[in-house]
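K.L.:
Attaching a predicted model along with its sequence, questions to come.
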Amino acid sequence: MKLLIKNATLVLKDGERKADLLIENGRISKIGSGLNCEGKVIDATGKHVLAGLIDMHVHLREPGFEGKEDIESGSKAAVAGGFTQICCMPNTNPVCDNAVVVSYIKNRAQQVGLLKVHPIGSITKGEEGAALSETGKMKEAGAVAISDDGKSVMDSNIMRLAMEYASGFGIKCLCHCEDINLVDGGVVNEGYNSTLTGLKGSLRAAEDIMIARDICLAESLGVPIHICHVSTYSGVEIIRSAKSRGVEVTAETCPHYFALTDDIITTFDTNTKVNPPVREERDRLAIIEGLKDGTLDCIVTDHAPHSAKDKAVEYNLAAFGMSGLETSFALSYTYLVKSGKIPLVKLSKLMSANPAQILDLDGGEIKEGAVADLTVVDLNKKWTVNGEKFLSKGKNTPFNGYEVYGSVEYTIVDGAVKYKNKGE
Ligand code: DOR
Ligand code: ZN
Ligand code: ZN
């Protein structure tokens, strides 16, 4: 099987290069000019080719919450968003806390056959924070990390044991950082806008305390950890300082934390409700700084699809989360690259090479011999976000009506076109 991409601007590790790219048997066989091929040809004049995007933090909801999303709809949304690999969180029903559920997800994703789906096993059984899940068996079945995402493991000794086990098995703990007692039912950031709206706030400290605790554990034990969805300026500072001491900590953030502030909660639109909450301008700017200087290693969506009925209720009762797969690239391109904050090469690293490295996945780079996972984008195309058009079952986006730049034109996985943008 051959595929030739002609006249593209390739986004490589160390810069952009205009070239043709030939794919044979699922791998990039040649990069050069004037290449020919008797197979399929894509003319990518005016378009950019990125190493296939990787999202290491997605909620696919299957098994158990298929009304919100399932592996098939989530896969369709992922390739439409330019993703060639995603990792899915274990807060399903049953929780992905054993090898059987890990295998089920892998098999189902393979049947759907659109992209690579890597399950994440839970840290504790049922995500209940007490007894550890069987890390080794889940890893053997294909889990790439462990996390109790959706919750923090509140018991520090359990978290210690989890980190030691994970490190022993050569995988990482992905830490959702939230001191649930301090959150105390808060639904938005605690500050001016929580006072204005009367919505119950949650302090930055509720997140920061757990970031600091997990870093303390990792540092004391000498094991690596990864911090999920950083939203606070102070969290960025804690991670920066840990990295400067040589602690093996990596961290992610999401488009909503660098594109939004909590001013949007004054609309009372429940699509703005997410955990951790979007915060203030000071935080938004610090998140961008963290991405620029390498304190934050990658951009994830925390794609959290919910059904309309989970959101069509008063703010306090609505589900936390945003449907993110289909807007992540455009929001990241628009708010970070088009705005002049970071170069495209850096964005490509944040959305592909770095997550691949953090989880030891095959991918993340365009070079001869590499796996042919590629995302072809048109950076000049301007479009307007409309959640109703998402392929995800989760239409819950706070970005409706936002004008963004950068459309995904093709998503190529193992050399096969898995998504082609057919336009309006
Ligand atoms: O907003 C969120 N939604 N944050 C989480 O931690 C969990 C997620 C979900 O599963 O809906
Ligand atoms: Zn989380
Ligand atoms: Zn999550």
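P.N.:
Alright, I've got the coordinates. Ligands and ions are numbered 1, 2, ... in the order given.
K.L.:
residues in contact with Gly113?
P.N.:
Contact analysis of Gly113 by Cβ atoms under 8 Å, 6 or more residues apart in numbering lists nothing. In this view, the C-beta of every residue, glycine as well, is placed from N, C-alpha and C.
K.L.:
What's the separation between it and Asp373?
P.N.:
For Gly113, the distance to Asp373 equals 14 Å [Cβ to Cβ, to the nearest Å].
K.L.:
Run a quick neighbour tally on Glu403.
P.N.:
Number of residues near Glu403 (other Cβ atoms under 10 Å) recorded here: 11.
K.L.:
Around ligand 1, which positions in the stretch 251-400 of the chain sit nearby?
P.N.:
Val274, Asn275, Ala304, Phe320, Gly321 (Cβ under 6 Å from any ligand atom).
K.L.:
May I ask which two of the residues you listed are separated the most?
P.N.:
Asn275 and Ala304 (8.5 Å; Cβ to Cβ).
K.L.:
Name the residues contacting each of these two.
P.N.:
Residues touching both Asn275 and Ala304 (Cβ under 8 Å, 6+ apart) are Phe320, Gly321.
K.L.:
Comparing these two, which residue is more hemmed in?
P.N.:
Ala304 (26 against 21).
K.L.:
what ranges do the helices span in the protein?
P.N.:
Taking DSSP state H as the criterion, the chain contains helices spanning 71-80, 99-112, 135-141, 156-168, 180-183, 192-197, 204-221, 233-244, 255-259, 281-293, 308-311, 328-332, 344-348, 354-359.
K.L.:
And for the residue of the stretch 101-250 of the chain found nearest ligand 1, nearest residue in space, chain neighbours not counted?
P.N.:
The stretch 101-250 of the chain approaches ligand 1 most closely through Gly150 (4.1 Å), counting by Cβ to the nearest ligand atom. Spatial nearest neighbour of Gly150, excluding adjacent residues (Cβ to Cβ, 6 or more residues apart in numbering): Asn91 at 4.1 Å.
K.L.:
Provide the backbone phi and psi angles at the residue nearest the centre of the chain.
P.N.:
Centrality entry for the chain: nearest residue to the mean C-alpha point is Val300, 2.1 Å, by Cα atoms, centre = their mean. When read as degrees, to the nearest 10, the backbone of Val300 gives phi -120, psi 170.
K.L.:
per-residue pLDDT, it?
P.N.:
With respect to pLDDT, Val300 scores 99.
K.L.:
I'd assumed Leu53 was in contact with it.
P.N.:
No: here Val300 does not reach Leu53: they are 10.5 Å apart, not a contact under Cβ atoms under 8 Å.
K.L.:
Show me the common contact partners of the two, please.
P.N.:
Counting by Cβ under 8 Å, 6+ apart, Val300 and Leu53 have no contacts in common.
K.L.:
for the residue nearest to Asp269 when sequence neighbours are not counted, what are its contacts?
P.N.:
Distance criterion Cβ to Cβ, 6+ apart; nearest residue to Asp269, sequence neighbours excluded, is Pro398 at 6.3 Å. Going by Cβ under 8 Å, 6+ apart, Pro398 touches His256, Leu260, Ile264, Asp269, Asn271, Thr272, Met322.
K.L.:
And for the last one, the neighbour number?
P.N.:
Okay, so that is Met322. 26.
K.L.:
dump the residue contacts of it.
P.N.:
By Cβ under 8 Å, 6+ apart, the neighbours of Met322 are His256, Asn271, Val274, Asp302, His303, Ala304, Asn396, Thr397, Pro398.
K.L.:
So which bits of stretch 287-299 are buried?
P.N.:
Buried residues in stretch 287-299, counting neighbours by 16 or more other Cβ atoms under 10 Å, are found at Ile287, Ile288, Glu289, Gly290, Leu291, Thr295, Leu296, Asp297, Cys298, Ile299.
K.L.:
do the same with stretch 259-273
P.N.:
Result for stretch 259-273 [16+ other Cβ under 10 Å]: buried residues Ala259, Leu260, Thr261, Asp262, Ile264, Ile265, Asp269, Thr270, Asn271, Thr272, Lys273.
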